[in-house]
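Chemist: test case, fold it:
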Amino acid sequence: MKALIFLVPLLLVACAPDGEDTLSYNPEFQLVAVGGETCVFDANSTLLWEQKSTEPGLRHFENTYSWFHPNEAHGELDYRGTEDAGDCTASACDVWSFVLAVNETGLCGYNDWRMPTKDELYSISDVRKAASPPTTDTSVFPHTQSAEYWSGNDYSFRHDAAWGWSFELGHDRVDWKKQPKYVRLVRGNAATLQAVKE
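Modeler: Below you'll find the model as predicted:
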């Protein structure tokens, strides 16, 4: 029996301080509910995003991970990163192990979750919220930390560094792969995506 998918359009309206109604950052976000799990579909990019959980375990919003990919080059310089150097539960605390563990659970009916690129993280970030972070729509991404999240992008000029995305300031930054950061997984291929300006 196939899981049922419910798309709930979110045309979110909030009351501005002056009494005028204001539309949320991205009215194209839709919640996807499957088997008791909820994910976020972005109709602009056509990407499906993980929604973090308050329940203890694999997808808890406070879990952190080091950057690690075992298939990266590891000759004289080791580009793989650092295994299990975050603080998490229900998997080893690196991004590779987390992706494998989430795919084993079939989150929202899918087994092809992956690390987002920094451009994909940019697509759900709203720099206008830098004065009161996190810089994303917390109505659909609740429990987002005002902190850095790992992207899947290596940093080509340093073997032991990769790109992160700050949801405190709304921009990308290079950091050491051994540093624990938060992670939000994504699936699909973006129909349209604006590139981060370097």
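
Chemist: when you work out contacts or count neighbours from here on, use the C-alpha atoms and nothing else.
Modeler: Will do.

Chemist: quick check: closest non-adjacent residue to residue 69.
Modeler: residue 80 (5.0 Å; C-alpha to C-alpha, 6 or more residues apart in numbering).

Chemist: pretty sure the one you found sits against residue 94.
Modeler: No: taking C-alpha atoms under 8 Å as the definition, residue 80 is not a contact partner of residue 94, at 11.1 Å.

Chemist: state whether residue 101 is indeed within a strand.
Modeler: No: according to DSSP: H, G, I helix; E, B strand; the rest coil, residue 101 belongs to no strand; its state is helix.

Chemist: find the nearest non-adjacent residue to it, please.
Modeler: residue 91 (6.4 Å).

Chemist: okay, now the unreliable bits of the protein?
Modeler: Applying pLDDT under 70 to the chain flags the ranges 1-26, 198.

Chemist: tell me which stretches of it form helices.
Modeler: When assigned using DSSP state H, the helices of the chain occupy the ranges 95-105, 118-123.

Chemist: which helices and strands does the longest one pack with?
Modeler: Spelled out, that is helix 95-105. Helices and strands touching helix 95-105, by 3 or more C-alpha pairs under 8 Å, 6 or more residues apart in numbering; DSSP states H and E: there are none.

Chemist: quick check: buried residues in that helix?
Modeler: 95-103 (16 or more other C-alpha atoms under 10 Å).

Chemist: so which of those is the closest to residue 175?
Modeler: Lowest distance from residue 175 to those (C-alpha to C-alpha) belongs to residue 95, with 14.5 Å.

Chemist: any idea how far the residue nearest to residue 101 lies from residue 31?
Modeler: In this view, residue 91 and residue 31 are 26 Å apart by C-alpha to C-alpha, to the nearest Å.

Chemist: residues contacting residue 89?
Modeler: 56-58, 63 (C-alpha atoms under 8 Å, 6 or more residues apart in numbering).

Chemist: repeat for residue 174
Modeler: Residue 174 is in contact with 155, 161-164, counting by C-alpha under 8 Å, 6+ apart.

Chemist: got it, and residue 103?
Modeler: By C-alpha under 8 Å, 6+ apart, the contact list for residue 103 reads 110-113.

Chemist: for ChimeraX, what selects the buried ones among the residues you listed?
Modeler: Here is the ChimeraX command that selects the buried residues among these (16+ other C-alpha under 10 Å):
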select :111,112,113
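
Chemist: restricted to strands, list the contacts of residue 103.
Modeler: Counting by DSSP state E, no part of those is found in strands.

Chemist: and of the contacts of residue 103, the nearest to residue 176?
Modeler: Nearest to residue 176, judged by C-alpha to C-alpha, of those is residue 113 at 23.5 Å.

Chemist: ends of stretch 155-162, what's the gap?
Modeler: Distance between the two ends of stretch 155-162: 4 Å, counting by C-alpha to C-alpha.

Chemist: revised request: answer the last question for stretch 136-156.
Modeler: 27 Å.
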